[in-house]
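**Student:** I'll drop the sequence and a predicted model, then ask my questions.
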Amino acid sequence: MNFFDQVYDLVKKIPEGRVTTYGEIAQALGTRDARKVGWALHSNPYEDVVPCHRVVNKNGRLAPNFAFDGPGEQWRRLEQEGITFLDRDHVNLKQHLFVFDSHS
DNA sequence: TAGATGACTAATA
DNA sequence: CTATTAGCCATCT
């Protein structure tokens, strides 16, 4: 089980209408490097398997909009799941942040 | 092997 | 809130 698979496994566990941060995933995996998480999603997102659109940075800001099918695609998917936004690029973390129980 | 890069975070201004 | 710096570490060249 590589780091990548662990990341994908966790991301797949994020329920609909929820989002989480790179830092949360990193900690849940016993590391502190959120960059690795970002790199994992960038490298092999297992498209249609891993809901990477539910992963945002600590500020609630979406990843670069061009990281998916097209600009605004991440936003469209999230809104469709019931996620509320502060603006076009920021999800309402306060309401939708999902935390893994691995590190309490 | 070394240096640059990056879907990040935290501290500081 | 933004901008800058530093820390982090796998991957790329």
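**Tutor:** Arrived safely, thanks for sending.

**Student:** would you map the strands across chain A?
**Tutor:** Assigned by DSSP state E, the strands in chain A fall at A:20-21, A:55-56, A:85-87, A:90-91.

**Student:** quick one: mean pLDDT for the longest one?
**Tutor:** Over the span of strand A:85-87, the pLDDT mean works out to 93.

**Student:** what about A:Arg88, neighbour count?
**Tutor:** For A:Arg88, the tally of surrounding residues (other Cβ atoms under 10 Å) stands at 9. C-beta coordinates here come from the backbone N, C-alpha and C atoms, glycine included.

**Student:** that one reaches A:Trp75, doesn't it?
**Tutor:** Yes: at 6.2 Å, A:Arg88 counts as touching A:Trp75 under the criterion of Cβ atoms under 8 Å.

**Student:** who in chain A is up against DNA strand B?
**Tutor:** Taking Cβ under 7 Å from any atom of the strand, the part of chain A that reaches DNA strand B is made up of A:21-23, A:34-39, A:41-42, A:45, A:52-53, A:55, A:57-59, A:63-64, A:67-68, A:74.

**Student:** from these, which are also near DNA strand C?
**Tutor:** Contacts with DNA strand C within the residues of chain A next to DNA strand B, counted by Cβ under 7 Å from any atom of the strand: A:Ala34, A:Arg35, A:Lys36, A:Trp39, A:Asn59.

**Student:** quick one, what contacts the second one?
**Tutor:** Translated: A:Arg35. Counting by Cβ atoms under 8 Å, 6 or more residues apart in numbering, A:Arg35 makes contact with A:Tyr22.

**Student:** and the last one, by the same measure?
**Tutor:** Under the criterion of Cβ under 8 Å, 6+ apart, the contact list for A:Asn59 reads A:His90.

**Student:** returning to that earlier point: adding mean neighbour count, write the strands of chain A out as CSV.
**Tutor:** As requested, the strands of chain A are exported to CSV (neighbours: other Cβ atoms under 10 Å):
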stretch, mean neighbour count
strand A:20-21, 21
strand A:55-56, 24
strand A:85-87, 12
strand A:90-91, 20
